[in-house]
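Colleague: Any chance you could fold what I've pasted below:
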Amino acid sequence: MQPIATKVIDIYAAHSKGEDLAKLGEVFIEGWVRTNRDSGSIGFIALNDGTCFKNIQVVYNSNIDNHDKISHLLTGAAIGVKGTLVATPEMKQPFELHAVEIVVLGDVDADYPLQKKRHSFEYLRDMAYLRPRTNTFAALYRVRSVLALGVHEFFQGKGFVYVHTPEITANDAEGAGQTFTITTLDDEGKPSETDFYGKKASLTVSGQLHVEPFALAFRDVYTFGPTFRAEKSNTTRHASEFWMIEPEIAFADLEDDMNLMEETIKFCISYVLERCPDEMDFFEAMIAPGTKAKLAEVLSKPFRRMEYTEGIELLKKAVANGHKFENKKIEWGMDLQSEHERYLTEEIAKGPLFLINYPKDIKAFYMKENPDGKTVAACDLLVPGEGEIIGGSQREDNYDVLRAKMQKQGNEEGLQWYLNLRKWGGCVHSGFGIGFDRLLMYLTGVANIRDTEPYPRTSGNLKY
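Modeller: Residues are numbered from 1 along each chain as shown. Okay, here's the model as predicted:
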């Protein structure tokens, strides 16, 4: 029976508190070999046990049992090491483990595809089940875990109720028709779209419509879970399965909505910076230099707010002054592309920017129509380097106006329950959606959503 293993994270915690590591006596550590170099008389193994980003250096000599096998251990092998901790304040690492016994717990074949050299992100996407063993993805997925907890801590700390909304639905919340149909097969092996539920069913594109009724009972609620879009967008920002954070707040207008968005983003940034210092240092050094300064800038000042109409005029002016957009035709009523959003936030606002009051014809049916009859009380939060990372709006609370919109779109049938909320104790309410995977891209500087998701689902890609 193996002794109880000491976790590397606990050793670093003890060291940071100034404890004498020698007092721990002989310790046993289990983990995976990151690197192994042997000079004949002495060898060094960088060992990672998965409990923290940092490795621990294991030192062994030629007197150790099975030295020949240990000296030839390859990257990826699982081992157990018994030894004593020795402080090394003059070295790069603050301490090291001097081994008296090393046991091979899981050897690795010579065809193991991860080596000491750096591998491209494209190469690693073809082996998503192995990439958490690399520095980049070990850091990335730990930040993802911490950020997810931060989301819950933020909303729970403000008294929000967490609602589990369904993944299977009979409606298309966005009205875009880009849904995955759920089907069963009949006796002849042919798809049948209606037999199981008695109507057409699909995977949800948003939990918003289902969480709104809870806001009209609990006041402040949120849902946080996977959503699905059947759009064949082969870009670095789109995936067919992704996670969404969707709060909904009652007795709140668009201004309240934007205040909550800003507070949410700033909390998430601070939360990750505080709890993942090693990982964020890695991203700063190896992935996206300037990331920490960018995030510090976001925390330092209020987010700017700008009318959509003003944004269009600024884009027209940019074109007139010689700025080259791929989408050159700038006109009121258009749906802005990422390049337009990035210009406004990077060149004009030079920081996060709320673009507000969009033309109603390019926004969803549930958004509150403004008195001008042309725009809706909607906003997008644009950030440098990414463009839009949050979309939100005040919801249409006028029964007649919403019904007319739904009749025009042809989705009143099946959503009468949603319409009923406007006549049975409805009130001013608002909400927004944050693409969790895109938020992770923004925080870490990782440029492709296929990397921020552990097993990305994109058009033409379903390997795992």
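Colleague: switch to C-alpha atoms for all contacts and neighbour counts from now on
Modeller: Noted.
Colleague: Not counting sequence-adjacent ones, nearest residue to the residue positioned nearest the centre of the chain?
Modeller: Residue closest to the average C-alpha location in the chain (CA atoms, centre = their mean): D437, at 2.7 Å. In space, not counting the residues next to it along the chain, D437 is nearest to T452; the distance is 6.0 Å by CA to CA, 6 or more residues apart in numbering.
Colleague: Can you name the residues that contact the one you found?
Modeller: T452 makes contact with L140, Y141, R144, D437, R438, L440, M441, V446 under the criterion CA atoms under 8 Å, 6 or more residues apart in numbering.
Colleague: What number of residues are in the vicinity of the closest residue to G445 other than its chain neighbours?
Modeller: Closest residue to G445 in three dimensions, ignoring its sequence neighbours and counting by CA to CA, 6+ apart: A288, at 5.2 Å. Neighbourhood size, A288 [other CA atoms under 10 Å]: 15.
Colleague: Could you measure from A288 over to T444?
Modeller: According to CA to CA, to the nearest Å, A288 and T444 sit 8 Å apart.
Colleague: As a check, name the ranges of all helices in the stretch 51-200 of the chain.
Modeller: Across the stretch 51-200 of the chain, reading from the start of the chain, the helices by DSSP state H, counting those that start in this stretch fall at 67-71, 121-125, 135-157.
Colleague: Who are the packing partners of the second one?
Modeller: Judged by 3 or more CA pairs under 8 Å, 6 or more residues apart in numbering; DSSP states H and E, helix 121-125 is in contact with helix 449-452.
Colleague: one more time with 10 Å
Modeller: Here helix 121-125 is seen to pack against helix 135-157, helix 449-452 when contacts are counted using 3 or more CA pairs under 10 Å, 6 or more residues apart in numbering; DSSP states H and E.
Colleague: do the last one as well
Modeller: Secondary-structure packing of helix 135-157 (3+ CA pairs under 10 Å, 6+ apart): helix 121-125, strand 161-162, strand 220-228, strand 241-250, helix 254-275, helix 277-282, helix 436-444, helix 449-452.
Colleague: how about the last one as PDB, C-alpha atoms only?
Modeller: Coordinates of the C-alpha atoms in helix 449-452 are reproduced here as PDB (Å, rounded to 0.1, in the frame of the first residue of the first chain):
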ATOM      1  CA  ILE A 449     -12.400  29.700 -28.700                       C
ATOM      2  CA  ARG A 450     -11.400  26.200 -29.800                       C
ATOM      3  CA  ASP A 451      -8.700  26.400 -27.100                       C
ATOM      4  CA  THR A 452     -10.700  27.900 -24.200                       C
END
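Colleague: List the buried residues for it?
Modeller: If you call a residue buried by 16 or more other CA atoms under 10 Å, then helix 449-452 has these buried ones: I449, R450, D451, T452.
Colleague: cool, the longest one as well?
Modeller: Across helix 254-275, burial judged by 16+ other CA under 10 Å covers 254, 256-258, 260-262, 264-269, 271-273.
Colleague: which one of the helices of the stretch 51-200 of the chain lies closest to F180?
Modeller: Proximity to F180, assessed across the helices of the stretch 51-200 of the chain by CA to CA, is greatest for helix 121-125 (24.0 Å).
Colleague: still on that earlier bit, joint contacts of A288 and T444?
Modeller: With contacts taken as CA atoms under 10 Å, 6 or more residues apart in numbering, A288 and T444 have M280, F282 as neighbours in common.
Colleague: which intervals of the stretch 51-200 of the chain have sub-threshold pLDDT?
Modeller: Scanning the stretch 51-200 of the chain for pLDDT under 70 picks out the ranges 173-177, 193.
Colleague: the strands in it, which residues?
Modeller: The residue ranges that make up the strands of the stretch 51-200 of the chain, judged by DSSP state E, counting those that start in this stretch, are 56-61, 78-87, 95-106, 161-162, 168-169, 181-182, 184-185, 191-192.
Colleague: can you give me the angle the third one makes with strand 78-87?
Modeller: Counting by axes from the mean of the first three to the mean of the last three CA atoms, to 10 degrees, strand 95-106 points 170 degrees away from the direction of strand 78-87.
Colleague: any idea of the angle strand 95-106 forms with strand 56-61?
Modeller: Relative orientation of strand 95-106 and strand 56-61, computed by the same axes, to 10 degrees: 80 degrees.
Colleague: how about strand 95-106: buried residues?
Modeller: If you call a residue buried by 16+ other CA under 10 Å, then strand 95-106 has these buried ones: F95, E96, L97, H98, A99, V100, I102, V104.
Colleague: Let me see the contact set for the nearest residue to V383 once chain neighbours are set aside.
Modeller: Nearest residue to V383, sequence neighbours excluded (CA to CA, 6+ apart): P352, at 4.5 Å. By CA under 10 Å, 6+ apart, P352 lies in contact with 262, 297-298, 301-305, 342, 344-346, 381-384, 387-388.
Colleague: downstream neighbour of the helix or strand that contains T35 in the secondary structure list?
Modeller: For T35, the host element (DSSP states H and E) is strand 26-38. Read in the C-terminal direction, the helix or strand following strand 26-38 is strand 42-48, with elements assigned using DSSP H and E.
Colleague: so can I have CSV of the buried residues of strand 95-106 showing distance to D187?
Modeller: As requested, these are arranged in CSV below (distance: CA to CA, whole Å):
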residue, distance to D187
F95, 66
E96, 65
L97, 64
H98, 66
A99, 64
V100, 65
I102, 59
V104, 53
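Colleague: Out of those, flag the one nearest to L315.
Modeller: The shortest gap between L315 and any of the buried residues of strand 95-106 belongs to F95, at 55.9 Å (CA to CA).
Colleague: what residues are up against the residue nearest to the closest one when sequence neighbours are not counted?
Modeller: Taking CA to CA, 6+ apart, and ignoring the residues beside it in sequence, F95 has A87 as its nearest neighbour in space, at 4.2 Å. Contact criterion CA under 10 Å, 6+ apart gives H15, D20, L21, A22, Q93, P94, F95, E96, L97 as the residues in contact with A87.
Colleague: what's the closest of the residues you listed to K158?
Modeller: For the contacts of A87, the closest approach to K158 (CA to CA) belongs to H15, at 35.0 Å.
Colleague: Return the residues in contact with that closest one.
Modeller: Under the criterion of CA under 10 Å, 6+ apart, the contact partners of H15 comprise I9, L21, A87, P94, F95.
Colleague: Many thanks, I have nothing further to ask.
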